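[1] what follows is a protein structure lacking sequence information:
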């Protein structure tokens, strides 16, 4: 036609075609094609490749729409259907790009990742590469920047630490990395800064490219959801090691608080693991398999899950639910009173504690009675001071009642285990009760300091306190004092194998009161000041922002539904027999909270009889919402 080359004022040509501008990233070249809105995406890419006339495998390439931040992956869709017009600029780019990952053990790896896949799928592929089971527990987050460091120097440090290849099982190099702020939490934990930390997680329902992740950018691969399913040393040597590394840095950098005795116990375990790792560094993989065989019988039932794990040694034919009965000191804190603990004869039946003035009155009406379903259970233990307290925050209509139980060491493990199960609505007849008791006893035993001068090792140069304890204790004690205490605590773990020591470290990490709580600053409906909302694997916790104390707890098991008003960014949660909960997050997008709640509910649906495939669509349905 004679008018084919005539361009109209709107940018279109007289024949109805218009110019589509594209940039080919591999060639750093701009190309324009004359197209119509009826041409489909596959046809656009075909015409583009023909015009480039470059012999190359273009099969991994796809079109990316910069303005809308979206991949044009539906090749049968037309330009009109996507809404693409002449003002659009498209990139023709490979979907698989190199990403630099920092693993929990602080090692850097280069991995090819599909930048057009949603993050959940990309993490699954990364975990397949590293042979890590249950990738649904992990995710990616951006690396926090230290404002005190210049950007250029920080990038140089990252490049020096980069490892293209390397084992995932070894605990790390011999140098102390605590002085290098290249870890997950470069900012010391404070409730004012929690939003800055949780906002670094990438959105699992969107692709890397949609979230402006660049090729060769450093992202952190971490366990996001603290609900570790079917953790088995037979199949999870790499997963156990990476979990141990994340737990180690959480302790060293005070992401989670622990007592001085607990810190020395963790330091002793870490020292023991480092020693064994050095001894077996030449043939680590073979030794790991051998170690798993050696401790298989002892650890076959030690599955680290927040529910206490499931064991093969069930309680057998239970005709009656076990009970506890003993004299226990009870304390109910009240304002403007200095009254201390009062001794009662306490019976623990089902999920209820009944307190009587004496054993003889146990068949009458109790002086106090506590139903522990949904309560918060927090240990308050000091081994050297012989203090074995259990703090109970029991939900009531207007908040939480605070009750303290003071036990002796023999009572503590049984009562603590019973309280933990009762808070989940379980009784001592549950198969996990005996395992929970043994775990608590093991945790206490590792903290005992009973030095035998004949077997304590002499302090050698291989103990570097800077790598084993948090900076707070380095300021408080001299290095020789810390080393001596680590060697004392080491007696309790010296006989453990490498894999067993790592499992015990993870288990002790899980026993800490603050374990697994993700904090968000929020303003509750009807509230006047910022508070905290804590999200764990099985509950929501309303907390005081200045102290971190729990104010009210809601269990997921009692939840009917949760909704998000995306316009005002309000999260509303409805419960079966309680008033609904509504809050607005301060600064952090409510999408992050929505994903944590939905993610934990998704993880709670896992069962051992399921196959290994993940129901991705169910995950997206629970976590993505409408944005």
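    Alright, I've got the coordinates. Quick caveat: nothing in here was measured; it's all calculated off a predicted structure.
[2] report pLDDT for residue 299.
    You'll see residue 299 listed with a pLDDT of 47.
[3] sorry, slip of the keys, the one I care about is residue 105.
    On the pLDDT scale, residue 105 gets 89.
[4] helix, strand, or coil at the residue nearest to it when sequence neighbours are not counted?
    Counting by CB to CB, 6 or more residues apart in numbering, residue 245 is the residue found nearest to residue 105 once chain neighbours are left out, at 4.0 Å. Every residue, glycine included, has its C-beta placed from N, CA and C. Counting by DSSP: H, G, I helix; E, B strand; the rest coil, the backbone at residue 245 sits in helix.
[5] what number of residues lie near residue 245?
    Neighbours of residue 245 under the rule other CB atoms under 10 Å: 22.
[6] hang on, isn't it packed against residue 103?
    Yes - counting by CB atoms under 8 Å, residue 245 does reach residue 103; the two are 7.5 Å apart.
[7] spit out the contact partners of the residue nearest to the spatial centre of the chain.
    Closest to where the C-alpha atoms of the chain average out (CA atoms, centre = their mean) is residue 224, at 3.0 Å. Counting by CB atoms under 8 Å, 6 or more residues apart in numbering, residue 224 touches 137-139, 141, 201, 599.
[8] wait, which of these is closest to residue 586?
    Distance to residue 586, by CB to CB, is smallest for residue 201 among the contacts of residue 224, at 16.7 Å.
[9] which residues sit in contact with residue 329?
    341-344, 405-407.
[10] which residues does residue 494 contact?
    Here residue 494 is in contact with residue 272 (CB under 8 Å, 6+ apart).
[11] give me the mean pLDDT for stretch 567-579.
    89.
[12] ok, now stretch 551-558?
    88.
[13] ok, stretch 233-247 next?
    Stretch 233-247 comes out at a mean pLDDT of 94.
[14] now that stretch: buried residues?
    233, 236-247 (16 or more other CB atoms under 10 Å).
[15] for it, the distance to its chain's centre please.
    14 Å (CA atoms, centre = their mean, to the nearest Å).
[16] secondary structure class for the closest residue to residue 585 other than its chain neighbours?
    Leaving aside its sequence neighbours, residue 585 sits nearest to residue 522 (CB to CB, 6+ apart; 5.1 Å). What three-state DSSP gives for residue 522 is strand.
[17] which regions of the stretch 451-600 of the chain sit below the pLDDT cut-off?
    Per-residue confidence for the stretch 451-600 of the chain (pLDDT under 70) gives these ranges: 451-462.
[18] where exactly do the helices run in it?
    Secondary structure of the stretch 451-600 of the chain, counting by DSSP state H, counting those that start in this stretch: helices at 465-468, 471-476, 479-490, 498-511, 590-603.
[19] list the buried ones in the shortest one?
    By neighbour count with 16+ other CB under 10 Å, helix 465-468 contains the buried residues 465, 467-468.
[20] which SS class is residue 378?
    Under three-state DSSP, residue 378 comes out as strand.
[21] is the closest residue to it other than its chain neighbours in a helix, a strand, or coil?
    Sequence neighbours aside, residue 391 is the residue nearest to residue 378 in space, at 4.2 Å (criterion: CB to CB, 6+ apart). The three-state label given to residue 391 by three-state DSSP is strand.
[22] which residues of the stretch 201-350 of the chain score low on pLDDT?
    Scanning the stretch 201-350 of the chain for pLDDT under 70 picks out 281-319, 334-339.
[23] follow-up on the earlier one: burial of the residue nearest to residue 378, as a residue count?
    20.
[24] and for the one 10 residues further on?
    Each residue near residue 401 was counted by other CB under 10 Å, and the total is 14.
[25] can you check residue 74 too?
    12.
[26] ramachandran angles for the residue nearest to it when sequence neighbours are not counted?
    Nearest non-adjacent residue to residue 74, counting by CB to CB, 6+ apart: residue 41, 6.7 Å away. For residue 41, the backbone dihedrals are phi -60, psi -40 (criterion: degrees, to the nearest 10).
[27] and residue 41, how far from residue 369?
    Distance, residue 41 to residue 369, using CB to CB, to the nearest Å: 68 Å.
[28] and for residue 136?
    Plainly put, residue 136 is 41 Å away from residue 369 if you go by CB to CB.
[29] out of the two, which sits in the busier spot?
    Counted by other CB under 10 Å, residue 136 and residue 369 do not tie: residue 136 has more neighbours, with 23 against 12.
[30] so residue 402 makes contact with residue 331?
    No - contact between residue 402 and residue 331 fails when scored by CB under 8 Å: they sit 9.1 Å apart.
[31] count of neighbours near residue 473?
    Counted with other CB under 10 Å, residue 473 comes out at 17.
[32] quick one: residues contacting the closest residue to residue 606 other than its chain neighbours.
    Spatial nearest neighbour of residue 606, chain neighbours left out: residue 229 (5.2 Å); criterion: CB to CB, 6+ apart. Residues near residue 229 by CB under 8 Å, 6+ apart: 134, 137, 305, 603, 606.
[33] then residue 251?
    Applying CB under 8 Å, 6+ apart, the residues near residue 251 are 258, 263, 266, 470, 509.
[34] of all those, which two lie farthest apart?
    Those two in the contacts of residue 251 that are separated most widely, counting by CB to CB, are 470 and 509, at 13.8 Å.
[35] show me the shaky parts of the stretch 51-200 of the chain.
    Within the stretch 51-200 of the chain, the stretches with pLDDT under 70 are 146-196.
[36] where do the helices sit along it?
    For the stretch 51-200 of the chain, applying DSSP H, counting those that start in this stretch gives helices covering 79-82, 119-130, 151-161, 194-198.
[37] of the contacts of residue 224, which belong to strands?
    Secondary structure from DSSP state E places 138-139, 141 of the contacts of residue 224 in strands.
[38] closest one of the residues you listed to residue 207?
    Nearest to residue 207, judged by CB to CB, of the ones in strands among the contacts of residue 224 is residue 139 at 13.6 Å.
[39] would you mind measuring from the residue nearest to that closest one when sequence neighbours are not counted to residue 49?
    With CB to CB, 6+ apart as the criterion, residue 139 has its nearest non-adjacent residue at 4.0 Å, and that residue is residue 224. Using CB to CB, residue 224 is found at 39 Å from residue 49.
[40] perfect, that will be all.
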